[in-house]
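Chemist: how would this look folded up:
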Amino acid sequence: MTLLEKEWFIQAPWGRLSIVAWGDCYDPPVLVCPGSKDTVVSFRPLIEMLPKNFYYIGIDLPGSGKSDHMPHGLMISMYDLVYSIQVVVKHFRWNTFIYLAHSMGCTLGKLYDLSYPGKIIKSIDLDPVTLGVVVPVEEFPKWYELTFIKYFKDYKKFNMASEEKPTYDKETIISKLMKRRGISKELAGEIISRLSEPAGNGLIRYTFDERVNYPIHSPFPPEQVLKLLNSLKTPTLTIITDNSINAGHFKGTPFLLNGTSLSDNYKVKFVTGTHDVHIAEPEKVASFLGQFLLHGLEGLDNKAKL
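Modeler: Residues are numbered from 1 along each chain as shown. Predicted coordinates:
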């Protein structure tokens, strides 16, 4: 059975947020959040493999997909993006919900959980590489240079008017996305259509907000990240790919790999594949997610098929 997919907009203080939903609104809600420069429709192949008795609500982050940009001129922080999650929660009047995210979306979920304790009852982190972005004290000057100095140095780039942006051949961009993320031409075309606009003669220009690709991260040292994560009581399933490990994305946060330094509420599963394995090969993660959604952490040791 294929879940019914619907799309609409909800109002945020700065504009509209695009919502894509799968399933029955009377079922328990699962909020789905992509990473930077992405759209929630990239989750479509995975959601088709997940249990049907949940209501999957996806959000295009501000300035991505079909969601409006935040006001131009100012820098965007992770905390600004966290509030977009709260906009969705308030709109649907959820007392509690399950959170499913990829990459930067995982970090947003952790910050939301710290800011609104008790709202998230289960969390699924798909290759949370941005949780590994830590700032040892001695690297604070480097962090400042790569955030604030970079932003103001490239101010025009980050606040460029749409008509000033460069144009690209649509088919070439789709082919590159298919190769980079390992996805079908149909899905690649849908993702590109939500991140761009026609520029004439078969050309497109991107519409996503460059600032969302470089949001301000708090300069937490590794020991502070560990302390913050251990303060969370939310049952969490983390999927980590060998590609991201080999790339050194968790070098600063090795405790995310073994879980021995984290609470019993944290479980990690390793899969072979790229950072986008949930898109390119959703079958590698779907069974873990399904058991966790249905049975919690205990379900991860259950060998029964869905």
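Chemist: low-confidence ranges in this structure?
Modeler: 1, 259-261, 302-306 (pLDDT under 70).
Chemist: rerun at 80
Modeler: Scanning the chain for pLDDT under 80 picks out the ranges 1-2, 132, 258-261, 263, 301-306.
Chemist: mind listing the strands for it?
Modeler: Using DSSP state E, the strands found in the chain span residues 5-12, 15-22, 29-33, 55-59, 97-102, 120-126, 168-169, 196-200, 203-206, 236-241, 266-271.
Chemist: take those strands and lay them out in TSV including distance to Leu81 and mean neighbour count.
Modeler: Using the backbone N, CA and C atoms, a C-beta is placed for each residue, glycine as well. Listed next are these as TSV, based on distance: least, Cβ to Cβ, whole Å; neighbours: other Cβ atoms under 10 Å:
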stretch	distance to Leu81	mean neighbour count
strand 5-12	11	14
strand 15-22	11	20
strand 29-33	9	24
strand 55-59	10	24
strand 97-102	11	25
strand 120-126	16	23
strand 168-169	26	14
strand 196-200	21	13
strand 203-206	19	18
strand 236-241	20	24
strand 266-271	23	16
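Chemist: how about the ones you listed in TSV, adding distance to Glu283?
Modeler: Shown next, in TSV, are the strands of the chain (distance: least, Cβ to Cβ, whole Å):
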stretch	distance to Glu283
strand 5-12	20
strand 15-22	18
strand 29-33	18
strand 55-59	18
strand 97-102	16
strand 120-126	14
strand 168-169	32
strand 196-200	29
strand 203-206	31
strand 236-241	13
strand 266-271	10
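Chemist: for Met70, which of the ones you listed is the nearest?
Modeler: With Cβ to Cβ, the closest approach to Met70 among the strands of the chain belongs to strand 15-22: 7.7 Å.
Chemist: who are the packing partners of that closest one?
Modeler: Packing partners of strand 15-22 (3 or more Cβ pairs under 8 Å, 6 or more residues apart in numbering; DSSP states H and E): strand 5-12, strand 55-59, helix 78-92.
Chemist: would a markdown table of the ones you listed with distance to Thr167 be doable?
Modeler: A markdown table is the format used below for the helices and strands packed on strand 15-22 (distance: least, Cβ to Cβ, whole Å):
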| stretch | distance to Thr167 |
| --- | --- |
| strand 5-12 | 27 |
| strand 55-59 | 28 |
| helix 78-92 | 28 |
